[in-house]
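[1] Sharing a model prediction with you, sequence too.
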Amino acid sequence: MSESLNLFRLQKLDSEIDQTRSRLEEIIRALNDDRRLKLAHQQHEKAQEIVRKARIKLKQIEHKVETQRIKRKASQTSLFSGKIKNPKELQDLQMESEALKRYIAQLEDEQLEAMIDHESTEEKCQAAEDNLKQVKAQLVQENAALIGEQSKLKVSLKRSLREREAALQSISHQNQTLYLQLRERKRGVAVASVSEGGCGICGQALTPADLQTVRSSIGLVFCSSCGRILYEG
Ligand SMILES: [Zn+2]
């Protein structure tokens, strides 16, 4: 078997290994990424806080209405008790009762508004809670798929690494070093297949002599432009 074919096979395995490793890193990142969950939690907590405030406001206004009603009831009672005879005093009491009636009506409007507001904050909180549940369920599903993919990739990585070890056996130490240096300089791709008489990576055309050497499998031919080892399958 020619050295260029062995190097080409090694390159294929290394590219696969690179790809698998980069996907495995992506999976780890995705599994550790809890931004969506955190955001959903924050939104839910914020909505709960808003409900809490709206509830306090509603309770306060309810208490106010109740207090004023008691006050008015007391003033009505004295008004109709027959105990107060002084017309001026009776008139004052009458006026006070009327004023309280208007104030209570105003407070009741506020109470209604507070009730509507409270209800709407509760609806929003429910929506935030539903969203949180949905995000959690979605993550469980996504993570299960990622973990499945991860275990498959780990198996395939092991196999590729074993195959790589075997492939190295048939390559001279000198060419292994050359290959590794090229791989480092050429963003992971040291071997290019010849395509239509040119380098399959950069497109540089081969001289007829080079093409013949590549085909004859004697020694290595390098692309005159990108410097990669050439192989013709
Ligand atoms: Zn090239």
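    Nice, thanks for sending it over.

[2] and whatever helix or strand residue 181 lives in, which residues are buried?
    For residue 181, the host element (DSSP states H and E) is helix 173-185. Residues of helix 173-185 classed as buried: 175, 178, 179, 182, 183 (neighbour count, 16 or more other C-beta atoms under 10 Å). Any C-beta I mention is one placed from the backbone N, CA and C, and that applies to glycine too.

[3] what do you get for stretch 72-82?
    Neighbour count says stretch 72-82 has 72, 75, 79 buried, by 16+ other C-beta under 10 Å.

[4] any idea which element the second one lies in?
    Here residue 75, judged by DSSP H and E, is contained in helix 35-80.

[5] Please tell me how far that helix is from the chain's geometric centre.
    With C-alpha atoms, centre = their mean, to the nearest Å as the basis, helix 35-80 stands 37 Å off its chain's centre.

[6] Quick check: next helix or strand after that helix?
    Assigned by DSSP H and E, the successor of helix 35-80 is helix 87-169.

[7] quick one, that following helix and helix 173-185 angle?
    Counting by axes from the mean of the first three to the mean of the last three C-alpha atoms, to 10 degrees, helix 87-169 lies at 160 degrees to helix 173-185.

[8] name the helices or strands packed onto helix 87-169?
    For helix 87-169, the packing partners by 3 or more C-beta pairs under 8 Å, 6 or more residues apart in numbering; DSSP states H and E come out as helix 3-32, helix 35-80.

[9] Contact residues of this structure facing the ion?
    Within the chain, the positions near the ion by C-beta under 5 Å from the ion are 199, 201, 202, 204, 223, 225, 226.

[10] how far does the helix or strand bottoming out on mean pLDDT in the chain sit from the chain's center?
    Lowest on mean pLDDT, DSSP states H and E among the helices and strands of the chain sits helix 208-216, with a mean of 89. Relative to its chain's centre, helix 208-216 lies at 52 Å (C-alpha atoms, centre = their mean).

[11] Report the contact partners of the residue nearest the centre of the chain.
    In the chain, the residue lying closest to the centroid (C-alpha atoms, centre = their mean) is residue 36, at 4.6 Å. Remark: with contacts taken as C-beta atoms under 8 Å, 6 or more residues apart in numbering, residue 36 is in contact with 135, 139.

[12] ok, and the closest non-adjacent residue to residue 157?
    residue 20 (4.8 Å; C-beta to C-beta, 6 or more residues apart in numbering).

[13] from what I can see the one you found touches residue 156, true?
    Yes - contact criterion C-beta atoms under 8 Å: residue 20 and residue 156 qualify, at 6.1 Å.

[14] neighbour count winner among these two?
    Each of residue 20 and residue 156 has its neighbours counted (other C-beta atoms under 10 Å); residue 20 has more, 19 against 13.

[15] Would you mind measuring from that one to the ion?
    26 Å (C-beta to the ion, to the nearest Å).

[16] Residue 194 contacts residue 231, correct?
    Yes - the criterion here is C-beta under 8 Å, and residue 194 meets it with residue 231 at 6.8 Å.

[17] More neighbours: which of those two?
    residue 231 (23 against 20).

[18] can you pull the pLDDT of the more buried one?
    In this model, residue 231 is scored at 95, pLDDT.

[19] beta partners of it?
    Bridge pairing for residue 231 (DSSP bridges) gives the partners residue 193.

[20] one step back: now do the helix holding residue 75 against helix 87-169: the angle between them, please.
    Using the same axes, to 10 degrees: helix 35-80 against helix 87-169 is 170 degrees.

[21] Where does the record place the domain boundaries for this protein?
    34-169, 173-231 (automatic domain parsing).

[22] Out of the ones you listed, which one sits most buried?
    Most buried of the domains of the chain by mean neighbour count (mean count of other C-beta atoms under 10 Å) is domain 173-231; its value is a mean of 16.
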